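Trainee: sequence and predicted structure, then a few things I'm wondering about:
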Amino acid sequence: MLGHIKSLAIVIGTGCTIGACSFTADEWWPLLTDEFSAHALWPSLSGDELPAKSDKMDETTPQTRSAPALGITNFVPSRVTPGELTGTFVGQKLNQLRTELSRLQVRVIKHNGNLQNVRTQANRNSKRYHGKIASINARLQVSTTPGNPTLINRLNDAQTVLANIKNDVAQLNLLANQVAKTLSLLANLLETTRTIYGLTGAVDEDHRQLAILEYEVNRTVIMVNRLHKELSEDVGRQTNYFRNVGQNLTALSLSIKSGVVLGGNLANRAFSTSAPVISAFPAPGPTLRSRVSRRPLVVIRFDRPKVEYAEALYFAVNRALERLPSATFDLVAVAPNKGDATDMTVAVSTSKRNAELVLRSLSDMGLPFDRVRLSAMISGRAAANEVHIYVR
């Protein structure tokens, strides 16, 4: 489809069957009342350079990447060395501290067992998720009917597995908190053990056993500290992984609606510079006029009863973000300048609804709302309602 596009702007004959969205306000729509000549703004983003569908491209999308590798270390503390009673007060304290260390080591063994179980479960859920996503992508690669019910069922299965992945992240977080508490108790035990050296009434055997105990407590602290560090890394990786696969599942849902594979979620693009947050839209004026004077990246004409713009829209915006990671976009609703005042009012309202549909599609693809600026214009050159997208 994209291979036939030969101009800078992507022109798509459209109409739309998706219900209109009403999440924008009229005051967000600066209205321009003049037609503007198109001047080349982004010659490096010609339609010929837009990526065609290929296996290579799909292999690099986040939807088909494997899950992050979790840690593999087993954290099993060594047994506490038994001591001999010396009959002194220090000897009694040492026996109490050895008992406390043994109790905490049992907790560590339990933490380790839970960790290994969650890791096994997380790896199994990740494999199940990617298996289901791969089957969906394989079917989309050869094209299928929009809204294929078989793919919708597979998507629902993937969402169920995604809920299990979310539960894995929650279990890792809970375990990390438990390990942190155990580590704090061990640190206190180590400090208490070292204060025993200052007690009077000890014999040489007490200090010999105390040195062994201090070494074993310190060794356990180091091991649990490593456990906590590795667990924290697992939590971080799994949290990012869950967020990314959730975003990709939203984009995949749009692919199923269209019947063609689009790719990964646009939110996963590694933006090198954060886009400014738009808190308000500017009033009509020279700045906005000059912005709309540029040749659009995408032109969608709503002159037919059915729309098929999602694929070309995705690849055009994705390519723009590849070239300029910090890019933001102007989305302009264009109404034709024809008819009486009533016709004009209806045309402007319809063009705004069309633009809201396109904005919702961009959101489903993962493009944040704060990267898109809305405006509206009336043009004598437009034969039907259109939506223009410009790169800022």
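Mentor: Okay, I see it. The shown structure was predicted, so the numbers you read here are calculated from the model rather than taken from an experiment.
Trainee: elements contacting the lengthiest helix in the chain?
Mentor: Secondary structure of the chain per DSSP state H: the longest helix is helix 204-258. Packed against helix 204-258 by the contact rule (3 or more CB pairs under 8 Å, 6 or more residues apart in numbering; DSSP states H and E) you find helix 89-141, helix 149-195, helix 310-323, helix 341-364. The way it works is simple: take the backbone N, C-alpha and C, and place the C-beta from them, glycine included.
Trainee: for the third one, which positions count as buried?
Mentor: For helix 310-323, the buried set under the neighbour-count rule, 16 or more other CB atoms under 10 Å, comprises Ala310, Glu311, Ala312, Leu313, Tyr314, Phe315, Ala316, Val317, Asn318, Arg319, Ala320, Leu321.
Trainee: from the residues you listed, pick the one nearest Thr193.
Mentor: Of all the buried residues of helix 310-323, Thr193 sits closest to Leu321, with 56.9 Å by CB to CB.
Trainee: please tell me how far that closest one sits from Leu254.
Mentor: 17 Å (CB to CB, to the nearest Å).
Trainee: do Met223 as well
Mentor: 47 Å.
Trainee: what sits against the residue nearest to Gln238 when sequence neighbours are not counted?
Mentor: Nearest non-adjacent residue to Gln238, counting by CB to CB, 6 or more residues apart in numbering: Val169, 4.9 Å away. Val169 sits next to Val235, Gln238, Thr239, Phe242 when contact means CB atoms under 8 Å, 6 or more residues apart in numbering.
Trainee: buried among those? Make that a ChimeraX selection.
Mentor: Of the contacts of Val169, the buried ones go into a single ChimeraX selection, burial set by 16+ other CB under 10 Å:
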select :235,238,242
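Trainee: distance to Arg301 added to the contacts of Val169, as TSV?
Mentor: As requested, these are exported to TSV (distance: CB to CB, whole Å):
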residue	distance to Arg301
Val235	48
Gln238	44
Thr239	42
Phe242	39
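Trainee: what about Val346, neighbour count?
Mentor: 13 (other CB atoms under 10 Å).
Trainee: Val235 versus that one, what's the distance?
Mentor: Taken as CB to CB, the span from Val346 to Val235 is 54 Å.
Trainee: just Ala383 next, same as before
Mentor: 56 Å.
Trainee: Met377: neighbouring residues, count only.
Mentor: With other CB under 10 Å as criterion, Met377 counts 26.
Trainee: per-residue confidence for the spatially most central residue of the chain?
Mentor: Central residue of the chain (CA atoms, centre = their mean): Asn244, 3.2 Å from the mean position. Listed pLDDT for Asn244 reads 78.
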